[in-house]
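Visitor: generate a structure from the sequence data that follows.
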Amino acid sequence: MNLPFFIAKRMQFNPARKGSVSVQIIKIAKLAVALGISTILIAVATGKGLQYEIQNKTVAFNGHLVVSPFENRESQVSVLPISDHPQQFETLKNEEGVTHVNRVAMKGGLLKADDQFEGIVLKGVTPDYKWEKLKDFVVAGTFPVLGNKTSSEILISQVIANRLSVEVGDTVTAYFQNTLTQKIPNVRKFKIVGLFLSGFPDFDESYIIGDIGHIQRINKWKKNQIGAYEVFTAQLDLVNNIGSSIYEKLPSELDVIEITRQYASIFQWISLFDFNILIIIIVMIVVGVINMSTALLVLIFERSRMIGLFKSMGAENNMIQKIFLYNGVSIMSQGMLWGNLIGLTFFFTQKYLGWIRLDPATYYVNSAPVYLDVMDVVWLNLGFLGVSSLLLWIPSMIISGISPARVLRFR
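Guide: Alright, predicted model coming up:
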C-alpha cells in the first residue's frame with residue numbers, strides 16, 4: 001500500500017475540515033487552476049484556428065508553390081508565358097509530397113455592369129482545375145463548367161458583385177488591354193454562375209475566375225502556353241524542401257515561389273501567434289502554481305501538529321511531503337477538470353455557432369476560427385499538471401523546518 005497516498009485521501013474526506021480556513025483557500029486555488037487551463041485551451045484553439053484558416057485560404061487561391069518565369073515574380077499578372085510541356089507537368093505532378101498541380105494565368109482588366117466599373121484580375125484556369133479547394137468559399141451558384149471550347153462562365157467574389165449590383169445569372173462585360181498604345185481594348189462577355197467570399201481582401205476585391213482560353217487569345221499565346229503552375233503539397237511544412245527539389249529539376253528561366261515568401265508579411269504576422277500562446281501558457285502556469293502554493297502552505301500550517309506527530313513517530317520528510325503533494329495534485333486535477341469543461345465548451349460552441357465575430361479587414365475571417373485535436377488537449381493537460389506538480393515541491397520543503405517539539409508542545 002502507498003501510505004502517503006492513503007493518508008492524503010483520508011485528509012481530503014475528513015468531515016472535520018469543512019469549517020477550516022484551508023477549505024476556502026482550496027476553493028480559490030481550484031478556481032484559479034480552472035481559469036488557467038481554460039484560458040490556455042481557448043488561447044491555443046483560437047491561435048491555431050486563425051493560423052490554419054488564414055493559411056488554408058491563402059493556399060486555396062494560390063497553391064503552396066507557384067512556378068513562373070522570373071519576370072513574373074513581382075507582378076500580379078502573367079507577363080510572360082510558360083510552355084506547358086507534358087514532361088515538365090509530369091515532373092511537378094510526380095514530385096514526392098505534391099498532391100495536385102493547376103495550370104493558371106492572370107490578366108488585369110475592367111469589369112462593367114450597366115454604368116458601374118470595377119478593376120479586376122481574371123484568373124484563367126484549365127478544365128482540370130481543382131474547384132474543390134474553393135468549395136468552402138462559394139456562397140451562391142456553382143463553379144464554371146470548362147471544356148474543350150472556351151467557356152464564358154465565371155466565378156466572381158461577393159464583394160465585386162455587390163459593387164456592380166449583379167448576381168448569379170447576370171451577364172457582365174470585361175475589358176482587357178495588352179499595351180498602353182492599344183486604342184481599342186479586348187472585350188469579353190461573361191456570365192456569372194457563382195459567387196465566392198473568402199474574407200481575404202486581396203482575393204475578394206479583385207479576383208474573378210474563368211477559362212484560361214480567354215487570356216491565351218487576348219495575349220496571343222499558343223494553346224500550350226500558360227502563366228504559372230500552382231503546386232499543392234500535403235503539408236505546409238514540406239513547402240521549402242519540395243520547392244528546392246522542384247527548382248533543381250526545372251529550366252533555369254523558371255522560379256519557384258513558396259507561399260510563405262509570396263505572402264511573407266501575412267505568414268510573419270500569424271507566426272507571432274505561437275509566441276503569444278507561449279506567453280499565455282507561462283503566465284497561466286505561474287498564476288496556477290502561486291495559488292496552489294498558497295493553498296498548500298495553508299494546508300501545511302493547518303496540519304502542523306499532524307506533521308509533528310508523524311515526525312515523532314519516525315516519518316521522514318520526503319514521505320510527509322508526498323502526502324501534501326498528493327493533496328495538491330488532487331486539488332489541481334479537480335480544477336483542471338472544470339477548466340477543460342469550460343475550454344472545450346467554448347471550443348465546440350464557437351466551432352459550430354461562431355458567436356465571436358471578427359473584422360475580416362483585419363483578421364481575414366468573419367468569425368473566430370478554432371482548432372484543437374485530441375493530442376493538443378492531452379499534452380496541454382499533462383504539461384500543466386507536470387510542471388505545476390514539480391514546482392509544488394518547493395513550498396512543500398517547509399515541512400523539513402517544522403519541529404515536532406515545538407508544534408506538539410501545546411494541545
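Visitor: other SSEs contacting the helix or strand residue 140 falls within?
Guide: Applying DSSP states H and E as the criterion places residue 140 in strand 138-141. Judged by 3 or more Cβ pairs under 8 Å, 6 or more residues apart in numbering; DSSP states H and E, the packing partners of strand 138-141 are strand 186-196. Just so you know, the C-beta spots here come from the backbone N, C-alpha and C atoms, and that holds for glycine as well.
Visitor: and the strand it packs on, which strands flank it?
Guide: Strand 186-196 has its sheet partners listed here by DSSP bridges as strand 138-141 (antiparallel), strand 153-157 (parallel), strand 171-176 (antiparallel).
Visitor: want to throw those into TSV with mean neighbour count, distance to residue 95 and mean pLDDT?
Guide: As requested, the strands paired with strand 186-196 are exported to TSV (neighbours: other Cβ atoms under 10 Å; distance: least, Cβ to Cβ, whole Å; pLDDT from 0 to 100):
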stretch	mean neighbour count	distance to residue 95	mean pLDDT
strand 138-141	15	29	92
strand 153-157	23	28	94
strand 171-176	18	33	93
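Visitor: what's the burial count for residue 272?
Guide: Per other Cβ atoms under 10 Å, the neighbour tally for residue 272 reads 10.
Visitor: report all helices and strands that the helix or strand hosting it contacts.
Guide: Residue 272 belongs to helix 264-302 when elements are defined using DSSP H and E. Contacts defined by 3+ Cβ pairs under 8 Å, 6+ apart place helix 264-302 against helix 21-62, helix 317-353, helix 374-396.
Visitor: so where's this protein shaky on pLDDT?
Guide: By pLDDT under 70, the low-scoring segments of the chain are 1, 4-5, 7-8, 10-22, 72-75, 179-182, 307, 399-411.
Visitor: one more pass at 50, please.
Guide: Filtered on pLDDT under 50, the chain yields the residue ranges 15-16, 411.
Visitor: which one's the longest strand in it?
Guide: With secondary structure taken from DSSP state E, the chain has its longest strand at strand 98-113.
Visitor: name the residues of it that are buried.
Guide: 98, 100, 101, 102, 103, 104, 105, 106, 107, 109, 111, 113 (16 or more other Cβ atoms under 10 Å).
Visitor: and for stretch 202-217?
Guide: For stretch 202-217, using 16+ other Cβ under 10 Å, the buried residues are 202-204, 206-216.
Visitor: could those be laid out in JSON lines, adding secondary structure?
Guide: Putting the buried residues of stretch 202-217 into JSON lines (DSSP: H, G, I helix; E, B strand; the rest coil) gives the following:
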{"residue": "202", "secondary structure": "helix"}
{"residue": "203", "secondary structure": "helix"}
{"residue": "204", "secondary structure": "helix"}
{"residue": "206", "secondary structure": "coil"}
{"residue": "207", "secondary structure": "strand"}
{"residue": "208", "secondary structure": "strand"}
{"residue": "209", "secondary structure": "strand"}
{"residue": "210", "secondary structure": "strand"}
{"residue": "211", "secondary structure": "strand"}
{"residue": "212", "secondary structure": "helix"}
{"residue": "213", "secondary structure": "helix"}
{"residue": "214", "secondary structure": "helix"}
{"residue": "215", "secondary structure": "helix"}
{"residue": "216", "secondary structure": "helix"}
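Visitor: just give me the closest of those to residue 274.
Guide: Taking Cβ to Cβ as the measure, residue 202 is the one of the buried residues of stretch 202-217 closest to residue 274, at 23.3 Å.
Visitor: any idea how far residue 157 is from that closest one?
Guide: Distance, residue 202 to residue 157, using Cβ to Cβ, to the nearest Å: 11 Å.
Visitor: what does residue 41 give?
Guide: Using Cβ to Cβ, residue 41 is found at 35 Å from residue 157.
Visitor: residue contacts, residue 291?
Guide: 28, 29, 32, 33 (Cβ atoms under 8 Å, 6 or more residues apart in numbering).
Visitor: among the residues you listed, who's most crowded?
Guide: Neighbour max across the contacts of residue 291 (other Cβ under 10 Å) = residue 33, 30 neighbours.
Visitor: just confirm that one contacts residue 295, I think it does.
Guide: No: shown here, residue 33 and residue 295 do not form a contact pair, counting by Cβ atoms under 8 Å, at 9.7 Å.
Visitor: can you list residues touching both of these two?
Guide: Listed contacts common to residue 33 and residue 295 are residue 331; contacts here mean Cβ under 8 Å, 6+ apart.
Visitor: overlap in contacts, residue 202 and residue 157.
Guide: Common neighbours of residue 202 and residue 157 (Cβ under 8 Å, 6+ apart) do not exist.
Visitor: from residue 294, how far off is residue 332?
Guide: According to Cβ to Cβ, residue 332 and residue 294 sit 13 Å apart.
Visitor: who's more crowded, the two?
Guide: residue 332 (29 against 16).
Visitor: how about the nearest residue in space to that one that is not next to it in sequence, what does it touch?
Guide: In space, and not counting its chain neighbours, residue 332 is closest to residue 33: 5.3 Å by Cβ to Cβ, 6 or more residues apart in numbering. By Cβ under 8 Å, 6+ apart, the contact list for residue 33 reads 288, 291, 292, 331, 332, 335, 336, 339, 388.
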